[in-house]
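# Attaching a predicted model along with its sequence, questions to come.
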Amino acid sequence: MLAIRLPSDIEERLERLERLAKATGRTKTYYAREAILEHLGDLEDLYLAEQRLIENRAGRSRTYSLGEAERELGLAD
């Protein structure tokens with residue numbers, strides 16, 4: 001279970017979902033859940049990319065060119 005506080009403008013937008021929910025036979029909760037699921041992957045990707053950038057800048061990881069990756073994986077001609 002998750003309880004979150006939202007800014008009043010977002011609460012108002014969610015209240016307007018009532019019309020959509022009635023028109024489609026779904027609930028406001030359904031639409032809120034769909035929005036979270038839709039963007040959760042994007043958030044995870046963003047935080048992972050930021051962490052990789054920090055690691056790279058600190059010298060704790062390295063990058064590979066496409067050619068290096070192809071050779072390493074045995075894909076180069």
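Structure's in. What do you need?

# For this protein, name the helix or strand with the lowest mean pLDDT.
helix 8-24 (a mean of 87; mean pLDDT, DSSP states H and E).

# That one packs against which elements?
In terms of contacts (3 or more C-beta pairs under 8 Å, 6 or more residues apart in numbering; DSSP states H and E), helix 8-24 is packed against helix 28-57. C-beta coordinates here come from the backbone N, C-alpha and C atoms, glycine included.

# Check what contacts whatever helix or strand comes next after the helix it packs on and list those residues.
Next along the chain after helix 28-57, taking DSSP states H and E as the criterion, comes helix 66-72. Residues outside helix 66-72 that contact it (C-beta atoms under 8 Å, 6 or more residues apart in numbering): 64, 75-76.

# Make CSV from those residues and add neighbour count to it.
Formatted as CSV, the contacts of helix 66-72 follow (neighbours: other C-beta atoms under 10 Å):
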residue, neighbour count
64, 11
75, 10
76, 11
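
# now the farthest one out in the protein, which residue is it?
Ranked by distance from the centre of the chain (C-alpha atoms, centre = their mean), the top residue is residue 77, with 36.4 Å.

# Count the neighbours of residue 17 for me.
Under the neighbour criterion other C-beta atoms under 10 Å, residue 17 is assigned a count of 18.

# nope, residue 68 is what I was after
12.

# low-scoring stretches of this protein, by residue?
The chain contains no residues with pLDDT under 70.

# From residue 47, how far off is residue 63?
According to C-beta to C-beta, to the nearest Å, residue 63 and residue 47 sit 19 Å apart.

# distance between the ends of stretch 49-69?
19 Å (C-alpha to C-alpha, to the nearest Å).

# Could you tell me how far that stretch lies from the centre of the chain?
21 Å (C-alpha atoms, centre = their mean, to the nearest Å).

# returning to that earlier point: could you pull out the buried residues of the least confident helix or strand of the chain?
Within helix 8-24, the residues that count as buried by 16 or more other C-beta atoms under 10 Å are residue 17.

# Residues in contact with it: which ones?
For helix 8-24, using C-beta under 8 Å, 6+ apart, the contacting residues are 6, 26-28, 30-32.
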